[in-house]
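Participant: quick one, fold the following:
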Amino acid sequence: MQRLAMGFFHLDGLVPAWANAMAYANEGGKIATIPEIIQARLASPTGSYVWNRYFTTMSAEYLGIGADGRLKIIVAHRAGPLSTLEGIKQAYSYSYKSSDRNRRGGRITRKEFLKLEAGEFGKVFVVDYADYVRRFEYPFIESTKAHGFLTDQLAWARLGGMENQKQYREKMVGLNRARLMEIMLPGLDPNNSSQVFQCRTEIQRVRMHQQYTNPTILENRDQSNLPYFAYDKFHPEGELAFAHLLSIGSLGGIQYSEDKYPSIAMEISCHGWNDGTRLLMIPLGAKLDQVIEGPDARELIEKHWQDLMAETTTEFVSNMFTLMKRGNQWFTEYRTKDEIMDSSEPQFVVKSIQPVAEVRKFTTPILGYHGLFKYEISRVREFAPPQANAYCFVGEPEIVWKDGNPELQTCDIQFYRVEVDTGKQVMRAQDLSHNYELTLKLMGY
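Facilitator: Predicted coordinates:
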């Protein structure tokens, strides 16, 4: 059976995401470049998975001193030093191997940069930095509008050529025009000729709106903590070149102060080594008109927890379990006495459960950011009835404010008396996410 193109996300970054993707594709698979992401999006409905997720790609961007002594941006799609995992790790090791952890981004040598510029690694796109940034008052902060898009050299390079640039522009302008029509003329059915005829004056007013004729359609960004304008500060002699993979964002709204309504756009930016990573794997022969979401370890555990039980290897003692329910089955959660947030990960199976007393109101001071419900389990123990050895929060936490500041959080809590099988425990999501063969087996591959 032909495998479909699939997205692989991993919180721990690029290396495990890469391993998962490669285990799925076997021989001949390739991780998508930005042009391939664009092709997949153009071939798919706008509400689909491939439109609504960001992807880190096998398109790479370099900033360095060219053979003529001028600063250049070079974009390469699956070519050059960052076209392999080892090359990517080598470039980004500039920051993650630094002893003081104060280095940022990736680097290649000027020798490699000049080879890129000369085309020795294959086709690349070269953009003169000074000429490009002259277009903007605030380069890499401003966004590109439709009227200037086809002359945007960096968009041309990042999208892989003029044809992709034209198709992208046409699609994004169409999406923005349809959205503006929805906002300004809610309820209008463009397929209802009678309704359109009656609203022709209002439709003409929309079509004359500046955001209809010239919407924002792309945000070209550098890396947030390593701006391109700082290149000379880091490498005044040009001995190294910035080197990063490129990421492309999901479809989203963007609104500047001069805009009355939000535009629909995507962002292309430089990937940071510590960023979460989602890769699109294209197996050999797979088409780009159907892209599916890859494994989610928590979802797989919820569905297959009985197949993921293992002997408990260390002694476990607890006089107060945090409980969770999946389907009709109760579990205790993974939690240590020092953790102040629920893990929402099942650990032990609950064999029997009995409520103790009525639902109570639990109160805790704000521990850090008030948007997250954090509490010390020692406070739960102090609050619990003597016969209880487990608890579960009921409903949503609420914030108690004082003088405009968050002071306390409260939540209803139900206590229980439970019997727990601590001889076996469910695999943790973190462990499953690094077990590529088991992950794919649970997915049916």
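Participant: isn't Tyr375 right up against Gln409?
Facilitator: Yes - shown here, Tyr375 and Gln409 form a contact pair, counting by Cβ atoms under 8 Å, at 7.4 Å. The way it works is simple: take the backbone N, C-alpha and C, and place the C-beta from them, glycine included.
Participant: how about the helices in the stretch 301-445 of the chain?
Facilitator: 377-383, 429-433, 436-443 (DSSP state H, counting those that start in this stretch).
Participant: between those, which gets nearest to Asp12?
Facilitator: Of all these, it is helix 429-433 that lies closest to Asp12, at 7.5 Å by Cβ to Cβ.
Participant: now do that closest one, average pLDDT.
Facilitator: Mean pLDDT, computed over helix 429-433, is 93.
Participant: how far does it sit from its chain's centre?
Facilitator: Helix 429-433 sits 18 Å away from the centroid of its parent chain (Cα atoms, centre = their mean, to the nearest Å).
Participant: need the overlap of contacts for Tyr375 and Gln409.
Facilitator: Thr364 (Cβ atoms under 8 Å, 6 or more residues apart in numbering).
Participant: deepest of the helices of the stretch 301-445 of the chain, which one?
Facilitator: Of all the helices of the stretch 301-445 of the chain, helix 429-433 has the most neighbours on average by mean count of other Cβ atoms under 10 Å, namely a mean of 18.
Participant: just checking, what packs against it?
Facilitator: helix 297-304, helix 436-443 (3 or more Cβ pairs under 8 Å, 6 or more residues apart in numbering; DSSP states H and E).
Participant: which other helices and strands does the first one contact?
Facilitator: This means helix 297-304. Counting by 3+ Cβ pairs under 8 Å, 6+ apart, helix 297-304 packs on helix 429-433, helix 436-443.
Participant: and that helix with helix 436-443, angle?
Facilitator: With axes from the mean of the first three to the mean of the last three Cα atoms, to 10 degrees as the basis, helix 297-304 and helix 436-443 are set at 50 degrees to each other.
Participant: which parts of helix 297-304 are buried?
Facilitator: 297, 300-301, 304 (16 or more other Cβ atoms under 10 Å).
Participant: who touches that helix?
Facilitator: Counting by Cβ under 8 Å, 6+ apart, 308, 326, 344-346, 426-427, 429-430, 432-433, 439, 442-443 sit against helix 297-304.
Participant: again, but for the last one
Facilitator: Residues from elsewhere that reach helix 436-443 (Cβ under 8 Å, 6+ apart): 19-20, 23-24, 295, 297, 300, 303-304, 307, 432-433.
Participant: if we use 10 Å, what do you get?
Facilitator: For helix 436-443, the external contacting residues (Cβ atoms under 10 Å, 6 or more residues apart in numbering) are 6, 8, 16, 19-24, 294-297, 299-301, 303-304, 307-308, 427, 431-433, 435, 445.
Participant: let's see the distance spanning stretch 26-42 from one end to the other.
Facilitator: Stretch 26-42 stretches 26 Å from its first residue to its last (Cα to Cα, to the nearest Å).
Participant: can I get the helices and strands packed on helix 429-433 in TSV with distance to Glu170?
Facilitator: Below are the helices and strands packed on helix 429-433 laid out as TSV (distance: least, Cβ to Cβ, whole Å):
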stretch	distance to Glu170
helix 297-304	36
helix 436-443	36
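Participant: hey, least reliable of these by pLDDT?
Facilitator: Across these, the lowest-scoring stretch is helix 436-443, with a mean of 90.
Participant: for this structure, longest helix please?
Facilitator: Assignment by DSSP state H gives helix 162-184 as the longest helix of the chain.
Participant: my guess is Val400 contacts Thr363. True?
Facilitator: Yes - assessed by Cβ atoms under 10 Å, Val400 is found in contact with Thr363 at 7.8 Å.
Participant: overlap of the contact sets of those two?
Facilitator: 408-410.
Participant: reformat those residues as CSV; add distance to Asn225, neighbour count and pLDDT.
Facilitator: Output for the shared contacts of Val400 and Thr363, formatted as CSV (distance: Cβ to Cβ, whole Å; neighbours: other Cβ atoms under 10 Å; pLDDT from 0 to 100):
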residue, distance to Asn225, neighbour count, pLDDT
Leu408, 35, 14, 95
Gln409, 32, 20, 95
Thr410, 38, 14, 95
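Participant: closest to Leu251 out of these?
Facilitator: Of all those, Leu251 sits closest to Gln409, with 34.9 Å by Cβ to Cβ.
Participant: lowest-confidence helix or strand of this protein?
Facilitator: The weakest-scoring helix or strand in the chain, judged by mean pLDDT, DSSP states H and E, is helix 193-198 (a mean of 80).
Participant: can I have it written out in PDB, keeping just the CAs?
Facilitator: Extracted in PDB, the C-alpha atoms of helix 193-198 (Å, rounded to 0.1, in the frame of the first residue of the first chain):
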ATOM      1  CA  SER A 193     -27.200  35.700  -8.500                       C
ATOM      2  CA  SER A 194     -30.300  37.500  -7.200                       C
ATOM      3  CA  GLN A 195     -28.600  38.400  -3.900                       C
ATOM      4  CA  VAL A 196     -25.400  39.400  -5.700                       C
ATOM      5  CA  PHE A 197     -27.400  41.700  -8.000                       C
ATOM      6  CA  GLN A 198     -29.200  43.400  -5.100                       C
END
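Participant: any buried residues in the next helix or strand after that helix, and which?
Facilitator: Next helix or strand after helix 193-198 toward the C-terminus (DSSP states H and E): helix 200-207. The neighbour-count check on helix 200-207 (16+ other Cβ under 10 Å) flags 203, 206 as buried.
Participant: how far off centre is whichever helix or strand comes after helix 200-207?
Facilitator: Sequence order places helix 210-213 as the next helix or strand after helix 200-207, per DSSP H and E. Distance of helix 210-213 from its chain centroid, counting by Cα atoms, centre = their mean, is 30 Å.
Participant: which strands and helices sit next to helix 210-213?
Facilitator: strand 144-145, helix 146-149, helix 162-184, helix 200-207 (3 or more Cβ pairs under 10 Å, 6 or more residues apart in numbering; DSSP states H and E).
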